[in-house]
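In: Okay, sequence plus prediction incoming.
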Amino acid sequence: MKYNPPAGSQDPDAKYVTGQPGKVRGSAVPAEAVEHPQREIVEVIRQAGLTPSGDDLGQLWKALQQLFTEKVAVATKEKAGIVKPGSGLSVKEDGTLRVTVVPDDRLVIVDGKALTFDFNAPWRMHALQWDGKQGHIEWKGNGHEPPRNELLAADSYSERVMPYVRLWEEEKARLEKAAAEAEAARLAEYNSDAARFERLRAERDRRLSATDYLLMQDYPLSEGQRTVVQVYRQTLRDLPSQEGAPWDGGGESTPWPVMPAVI
């Protein structure tokens, strides 16, 4: 579709002018300026398999989404392409996935996430860089050959780059599994009877210590108030031996005795 200037204009790039009564004559709009954009938009809608409708003003957006999904390759860790929102892959300015490999540092970076682990790489390979469409391998020199860069075309991804991505994925999965197992073990230990009893007794002792001053000889309490405090403290001491202990280890589900009003 080309730009349609105001009717009668000799300049193919002339701008439209808004008319002002008695001051400025407005530009005359040629039929093509209205018809051609409509026809082009309608064609996009039809190409997406939709039926143009005057009742749906969002059809162009739906058509673009449909065509984008069908026609444009979506990036995965196996192939280059445009990044799909929500895929967890990083986005460059051109929307592609990046990979970096540095064997001497035991380093592989995929989608901006770096992992260090042991892996095999060709002798003298210093680094591999991939920008989602193409890349290169930096080779070290030796006594007979100087350092050099080997260009990698798009069709070399599966053979030259993907193996390192696979290794990265395996290491990432291993680390995630180890972290999940460690967390499960931590929770199991935290929720064990022994750990809950330990927390219950620690909180019980804290509450006892908080009332020690009430039983000092010179603290001004009546005999009745002193008796109430002593009963409260004895209930705290007996709590770990009560039925249902250790509950949640001294948390909200633990049936703590009510503190006396004198405290």
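Out: Good, I have the coordinates.
In: T116 contacts L107, doesn't it?
Out: Yes: assessed by CB atoms under 8 Å, T116 is found in contact with L107 at 5.4 Å. C-beta: built from backbone N, CA, C; applies to glycine.
In: So these two - more neighbours on which side?
Out: Set side by side, T116 and L107 show unequal neighbour counts under other CB atoms under 10 Å, the larger going to L107 at 16 against 12.
In: these two touch, right, the more buried one and V99?
Out: No: between L107 and V99 there is no contact, the gap being 11.3 Å when judged by CB under 8 Å.
In: Quick one: neighbours of R204, just the number.
Out: When neighbours are counted by other CB under 10 Å, R204 registers 19.
In: how close does it get to A210?
Out: 11 Å (CB to CB, to the nearest Å).
In: Now stretch 121-130: buried residues?
Out: Within stretch 121-130, the residues that count as buried by 16 or more other CB atoms under 10 Å are A121, M125, H126, A127, L128, Q129, W130.
In: now swap in stretch 186-200 and tell me
Out: By neighbour count on 16+ other CB under 10 Å, the buried set for stretch 186-200 is R196, F197, R199, L200.
In: try stretch 138-147
Out: Of all the residues in stretch 138-147, those buried under the rule 16+ other CB under 10 Å are W139.
In: Which helix runs longest in the chain?
Out: The longest helix of the chain (DSSP state H) is helix 162-190.
In: other SSEs contacting that one?
Out: Of the remaining helices and strands, those touching helix 162-190 by 3 or more CB pairs under 8 Å, 6 or more residues apart in numbering; DSSP states H and E are strand 99-102, strand 107-110, strand 113-116.
In: Reformat these as JSON lines; add distance to A184 and mean pLDDT.
Out: Formatted as JSON lines, the helices and strands packed on helix 162-190 follow (distance: least, CB to CB, whole Å; pLDDT from 0 to 100):
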{"stretch": "strand 99-102", "distance to A184": "32", "mean pLDDT": "97"}
{"stretch": "strand 107-110", "distance to A184": "27", "mean pLDDT": "96"}
{"stretch": "strand 113-116", "distance to A184": "22", "mean pLDDT": "97"}
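In: Now distance to Q10 too, for these, in a markdown table please.
Out: Written out in a markdown table, the entries for the helices and strands packed on helix 162-190 read as follows (distance: least, CB to CB, whole Å):
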| stretch | distance to Q10 |
| --- | --- |
| strand 99-102 | 54 |
| strand 107-110 | 57 |
| strand 113-116 | 59 |
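In: Can you check which of these gets nearest to Q47?
Out: With CB to CB as the criterion, Q47 lies closest to strand 99-102 of the helices and strands packed on helix 162-190, at 34.3 Å.
In: which helices and strands does the closest one pack with?
Out: Partner elements for strand 99-102 (3+ CB pairs under 8 Å, 6+ apart): strand 107-110, strand 125-130, helix 162-190.
In: swap the cut-off to 6 Å and go again
Out: Counting contacts by 3 or more CB pairs under 6 Å, 6 or more residues apart in numbering; DSSP states H and E, the secondary-structure elements packed against strand 99-102 are strand 107-110, strand 125-130.
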